[in-house]
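Chemist: could you work out the structure for the sequence below:
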Amino acid sequence: MANSFISMNSLTLKCSSRPLRLPFLLQNQPKGDAEYDVQIYPLDTLQTSSNNSQSLVPDIAYYYLKNTIGLNEEIMWKITLEAGSILGMTPANLKKKISLLRRTMDLSDDDIREILGKQPAVLHLSADRNLAPTILLLVRALDLSKSELRSIIMVCPSILGYSLDNLKKKLSFFMETLGFNTEEDGKRKVRDMFLLEPKLLSCGVKSGLVPRMKFLHKEIQFTLNDLRKLYQKNPKLLIYSLDNNLREKIVFFFILQLQMELEHVRKMLLSYPNLMNYNLENHMKPIAEYFLTELEFSTIELRSIMMRFPRLFTHSLYRVKHTVGFLRFELALDGQQVKRVIFQAPQIIGLDTEGNLKNKLNFLEDRIGLSQQELAMFIAKMPTIFNLNVQTSLVPKFDYLERCFNTTVELKSALIKQPVLLGYSLDRIQSRMEQLIEAGIAPNKITVGISMTEDNFHKWLISSLSTLELSRWNSAAVTYLCKKQNFTEKDIDALCNKLPHILTSGVTQMRSQVSYLERIFEGEDLTNLILRYPTLVDLSQSSHVRRRLNYLQLQGIPLVDNLWSLSWDNDQQLIPIIDLAVDSEIERLEILSLPPIESEKKLFGLYLCKRTNFTGQEADKLLDTISTSRPFLTKCLKKINYLLNEVFHNNSKDLRQALLKNPLVLRKSLNNTIIPRFETLQYLKSLKIEYSPCEVGKLLSLSPSEYDKALVPVMKTWGGPTIEDEDQFSGNDIRAALRDYAPHLIYANSLDFNRESAKIVHWG
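Modeler: So this is what the prediction gives:
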């Protein structure tokens with residue numbers, strides 16, 4: 001007989017002219033049944049070497065699976081090698097099983113192909129004796145809908161091959177052993193666990209589920225109630241290897257290496273069970289090692305951090321190092337301050353340094369007016385400030401406190417003294433402040449009373465009132481004012497309510513200040529002026545008061561009518577601005593007669609018109625776009641001076657054009673955003689990559705993420721030019737190379753210590 005072979009690609013059978021018998025394909029084929037006379041797949045022909053063709057019997061399982069069901073070649077080979085007997089079944093038999101699966105779970109053709117690709121042995125199962133009873137058991141036991149049953153089977157189709165006794169034992173483990181049958185809606189909870197992790201049904205009871213449960217229950221001492229909560233949050237805990245995963249992490253890492261007690265482990269895992277999903281060797285241990293060696297935390301301190309923030313391990317080691325670098329180099333914190341910040345507020349590791357953290361830092365700088373050094377001290381004292389939302393938490397509290405304090409200087413001083421004040425709720429702050437004001441106690445005493453319990457606060461309030469009353473008449477400064485200005489008891493009460501620290505003033509300094517005021521306000525009712533403007537006798541601001549009064553007197557401005565200007569704490573910046581912006585004496589007097597915020601807005605508008613050639617309408621429009629609070633306007637003047645002098649090289653036309661198109665640049669922090677970005681642009685300019693004034697204004701005003709996208713489209717790490725002569729490296733080549741620079745806005749030389757965190761590194 002001539003040689004013959006079978007090609008699996010098309011199942012074309014080549015043979016001699018002798019008829020070919022295929023008993024392994026045609027066995028058990030039905031005969032004479034009308035249902036099987038319907039063509040459910042294309043007829044194939046038998047090709048012979050003599051080019052004669054002969055029709056094969058159409059009922060062949062291989063063709064049904066390949067052509068009708070649409071299984072690809074890979075799956076067909078898998079069936080042939082792993083479950084070859086399926087090819088001996090009739091298409092009607094296979095069709096019945098597949099139809100059952102479709103009908104009970106609303107499966108699509110793609111779903112069928114995926115299930116058969118994962119578990120071809122499903123087709124070995126009887127539709128009536130295996131598949132249908134198994135599906136019925138799952139549906140009734142767990143109240144599964146078609147879509148829920150589909151989601152379980154699609155992940156783990158091998159479940160369909162388990163015996164009913166096997167499945168009943170697994171269901172019994174969850175309902176009875178774990179005790180879900182004792183809970184209301186326990187069946188729903190078990191169903192949700194299977195939907196979250198269908199592979200639970202593939203675990204052996206005696207070899208897997210029970211040992212893992214006993215380890216946590218007996219050795220780690222979880223109660224059954226806690227275990228149910230734990231497994232509902234993370235069912236994978238019943239799948240992980242006992243020796244290579246659960247015991248390795250809990251016993252050897254948490255308990256032995258990090259010195260946790262069983263109570264600590266239970267509390268941490270109940271708080272965040274998904275902690276167990278992370279790789280121990282490649283993820284958890286390197287992070288722990290970094291905290292213990294590089295940051296020099298003790299194991300007890302690291303344990304405390306993990307107890308308060310178990311999501312620590314959800315972040316990569318790179319993210320941890322980046323946050324530490326941000327605290328060290330952006331905020332200039334020393335090693336101990338960085339430790340304090342991370343220890344008290346480990347959640348900072350999960351915050352976006354370019355967005356979330358920068359916004360909070362900008363608030364502290366712009367609204368409170370903190371310098372770089374004060375900012376570092378503020379953060380070190382209250383690291384949890386980073387956990388507060390700017391708009392919903394910090395702004396409302398600051399606005400309220402600003403209304404309660406006499407000046408922003410006093411408020412700033414109080415916040416620097418007690419930064420934690422902003423950490424309390426607005427309701428608590430309002431309640432304590434209202435009681436202080438009603439009792440006639442200085443608002444800055446809120447820094448003392450805010451942290452007390454309600455009972456202790458009331459005791460302290462009563463004690464403070466008694467002390468205040470006694471000290472009023474024991475104060476040498478108050479006694480001098482009573483004799484010199486004929487203050488009544490009512491006057492002293494009013495003065496002390498507005499200026500409580502007057503009680504500690506020295507009599508010599510008070511005598512000198514009153515003598516100065518008598519000279520400068522000769523002929524005026526000084527007693528009434530002091531009661532209206534207590535700042536006049538505030539010895540802590542005496543130099544400021546004298547400087548302001550001398551300036552007003554020098555300019556010929558009526559003193560009595562403009563004493564409100566004493567509340568300006570930024571006279572060194574406003575005085576030259578008045579000189580520069582105001583030409584006429586009448587206009588100067590008009591501006592100084594306005595309330596502080598209105599006068600500053602007016603001066604700011606005039607300053608813009610003089611320095612940048614803005615029209616009055618354009619200046620008003622700009623003021624409407626940006627914030628018009630007093631500290632903010634003052635900071636805007638600094639920004640305008642920097643932009644005009646440094647960025648646009650005293651070209652007022654370019655500055656005007658940039659501000660008109662990008663007014664939000666004045667909302668950006670000068671030190672944290674404008675200056676670093678301009679330095680980056682200067683470096684790019686040295687590489688012959690230049691931007692127009694409008695483009696510069698836009699780049700300075702964008703959010704961090706938008707800025708990154710606008711400056712370069714792709715960010716990786718630029719290794720620098722590989723040629724020796726950098727001058728030969730064209731602008732286009734550099735633009736292409738800069739597509740790969742790192743995504744943190746710092747410029748550094750290749751030898752600088754912050755090179756790894758820099759956005760652009762000059763590799764000279």
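Chemist: and I153, how far from L201?
Modeler: 10 Å (CB to CB, to the nearest Å). C-beta coordinates here come from the backbone N, C-alpha and C atoms, glycine included.
Chemist: intersection of neighbour lists for these two?
Modeler: I159 (CB atoms under 8 Å, 6 or more residues apart in numbering).
Chemist: who's more crowded, these two?
Modeler: More crowded of I153 and L201, by other CB atoms under 10 Å: I153, with 26 against 21.
Chemist: under a three-state scheme, what state does that one occupy?
Modeler: helix (DSSP: H, G, I helix; E, B strand; the rest coil).
Chemist: give me every residue that touches it.
Modeler: 105, 115, 159-160, 198.
Chemist: what's the local residue count around the spatially closest residue to H217 that is not a sequence neighbour?
Modeler: Using CB to CB, 6 or more residues apart in numbering and skipping residues adjacent in sequence, the residue nearest H217 is L227, 6.1 Å away. Neighbourhood size, L227 [other CB under 10 Å]: 19.
Chemist: over to V448?
Modeler: Neighbours of V448 using other CB under 10 Å come to 16.
Chemist: one more: G204?
Modeler: 12.
Chemist: try the one 4 residues further on
Modeler: For G208, the tally of surrounding residues (other CB under 10 Å) stands at 19.
Chemist: give the next helix or strand downstream of whichever strand or helix holds the residue nearest to H217.
Modeler: According to DSSP states H and E, L227 maps onto helix 224-233. Per DSSP H and E, the first helix or strand lying C-terminal to helix 224-233 is helix 247.
Chemist: what does the next helix or strand after that next one rub up against?
Modeler: Note on helix 247: by DSSP H and E, the next helix or strand toward the C-terminus is helix 262-271. The contact list for helix 262-271 (CB under 8 Å, 6+ apart) reads 220-222, 226, 229-230, 250, 254-255, 260, 275-276, 303, 306-307, 310.
Chemist: just the buried ones among these, please.
Modeler: Buried by 16 or more other CB atoms under 10 Å: 220, 222, 226, 230, 250, 254-255, 260, 275-276, 303, 306, 310, out of the contacts of helix 262-271.
Chemist: would you turn those residues into TSV with distance to K412?
Modeler: Listed next are the buried ones among the contacts of helix 262-271 as TSV, based on distance: CB to CB, whole Å:
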residue	distance to K412
I220	51
F222	50
D226	48
L230	48
I250	49
F254	44
I255	48
M260	42
L275	41
M276	47
R303	37
M306	36
P310	37
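Chemist: looking at those, which is nearest K146?
Modeler: Lowest distance from K146 to the buried ones among the contacts of helix 262-271 (CB to CB) belongs to L230, with 30.1 Å.
Chemist: name the nearest residue to the closest one, sequence neighbours excluded.
Modeler: Using CB to CB, 6+ apart, the closest residue to L230 is P273 (5.3 Å).
Chemist: mind listing what the residue nearest to H217 touches?
Modeler: Neighbouring residues of L227 by CB under 8 Å, 6+ apart: 178, 213, 216-217.
Chemist: roughly how far does it sit from S540?
Modeler: Distance, L227 to S540, by CB to CB: 62 Å.
Chemist: swap in I429?
Modeler: From I429 to S540 the distance is 24 Å (CB to CB).
Chemist: just want to know which of those two has more residues nearby.
Modeler: I429 (19 against 15).
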